[in-house]
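Asker: Sequence below, structure please.
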Amino acid sequence: MAEPLLLIPGMMCDARLFGPQIADFSAERAVHVACVTKCETIEEMAQAVLATAPEHFALAGLSMGGIVAMEVLRRAPERVTRVALMDTNSQSETPAVAASREPQIVGVMAGRLAEVMNDVMRPEYLGENSPRSEILALMQDMALALGEGEFVRQSRALQRRPDQQKTLRKIRMPALVLCGAEDKLTLPRRHEFMSELIPYATLRIIEGVGHVPTLEAPDATNAALRDWLNAPLVLR
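Answerer: A predicted model of the protein is given here:
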C-alpha cells in the first residue's frame, strides 16, 4: 500500500493551499494536512506535526511548511520515507527580513490583518499568467480565518527559525526541490543551492509560476509530485 502523504501548509494558510493535490492523490493514498497553529516556534510546529502524523509518511511542505518539514526531518528522519520542499528556504532569517516583519506585526496587532496580508502576498509574487485575483482572494480568506494571533506567532517563529543546511546534507531519501521560475519571495537560485546540498535530490522549476505552484499550476505540480512519490526508495 502506498505510504501516506503529509502536507504542511505555508504561513497563514490551511488545507485549501493543497486543494488540487488532495483531490488528485487521495484516490490512491491517505492524504493528511498538518495543523501548525498555536505554536510559538518552528520547533514546536514540527513536534505538533509528529504528534499526529502516521508512523511513516511522505512529507511535503510549501514556504513556511517547507521550513517546518526540514525541522521534522531533523528530529525524526526515520519516520519520513521521502521529502518534497517547495518554494521555501533552508537558511535562517536574515536581520533585514526579520526587521521587516516588525511593522507587519504592529499593524496586525492594531487590527489591520487584511491590509498587512496585502503586503505579505502581493500580486507580483505570483506568475504573470496565474489566476492572481482568485489565489490572492483565497490567501486572504485563509489568513482571516486563522486570525491576528496566529499571524504574530508564525511571524515570530520565522524570525527565530534555525538554519537547516546541515539537515539537508544528511537526507538519504527521494527528495524533490520545487519552485516557480517567477517566485520573487524564495528565489529559484536558492532552490538550486538546496538541491545541490541534498543527495538524490531532483530539482523542478516550473515556468510561468510564482510562489504558490500548488494553486498556480496544479497539473505541473502534481506531475512533479507524482514522479517523486513513485521514485524508488533509497537504501540508507
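
Asker: mind listing the helices for this protein?
Answerer: Using DSSP state H, the helices of the chain run over residues 19-25, 42-52, 64-75, 95-109, 113-120, 132-146, 148-159, 165-169, 188-197, 213-216, 218-230.

Asker: do you know which of the ones you listed lies nearest His32?
Answerer: The minimum distance between His32 and these falls on helix 42-52, with 8.0 Å, by C-beta to C-beta. C-beta: built from backbone N, CA, C; applies to glycine.

Asker: In space, not sequence, find me the middle residue of the chain.
Answerer: The chain has Leu62 as the residue nearest its centroid, 1.6 Å off, counting by C-alpha atoms, centre = their mean.

Asker: residue contacts, the residue lying closest to it once chain neighbours are set aside?
Answerer: Nearest residue to Leu62 in three dimensions, chain neighbours excluded: Met86, at 4.4 Å (C-beta to C-beta, 6 or more residues apart in numbering). Taking C-beta atoms under 8 Å, 6 or more residues apart in numbering as the definition of contact, the neighbours of Met86 are 60-63, 65-66, 176-179, 213-214, 221.

Asker: Quickly list what Met86 is bridged to.
Answerer: Taking DSSP bridges, one finds Leu62, Leu178 as the beta-bridge partners of Met86.

Asker: Quick check: the gap between it and Leu113.
Answerer: Separation of Met86 from Leu113 (C-beta to C-beta, to the nearest Å): 25 Å.

Asker: and if you look at Lys184?
Answerer: As for Lys184, its distance to Leu113 is 22 Å (criterion: C-beta to C-beta).

Asker: For the two, indicate the residue with more neighbours.
Answerer: When neighbours are counted by other C-beta atoms under 10 Å, Leu113 comes out ahead of the other of Lys184 and Leu113, with 24 against 13.

Asker: how near is that one to Ser133?
Answerer: Taking C-beta to C-beta as the measure, Leu113 falls 19 Å from Ser133.

Asker: Now do the contacts for Arg74.
Answerer: Contact partners of Arg74, counting by C-beta under 8 Å, 6+ apart, are Ala46, Gln164, Thr167.

Asker: so who does the first one touch?
Answerer: When contacts are counted by C-beta under 8 Å, 6+ apart, Ala46 is found next to Val68, Glu71, Val72, Arg74, Arg75.

Asker: Around the closest residue to Ala53 other than its chain neighbours, count how many other residues there are.
Answerer: Using C-beta to C-beta, 6+ apart and skipping the chain neighbours, the partner closest in space to Ala53 is Leu6 (5.6 Å). Number of residues near Leu6 (other C-beta under 10 Å) recorded here: 25.
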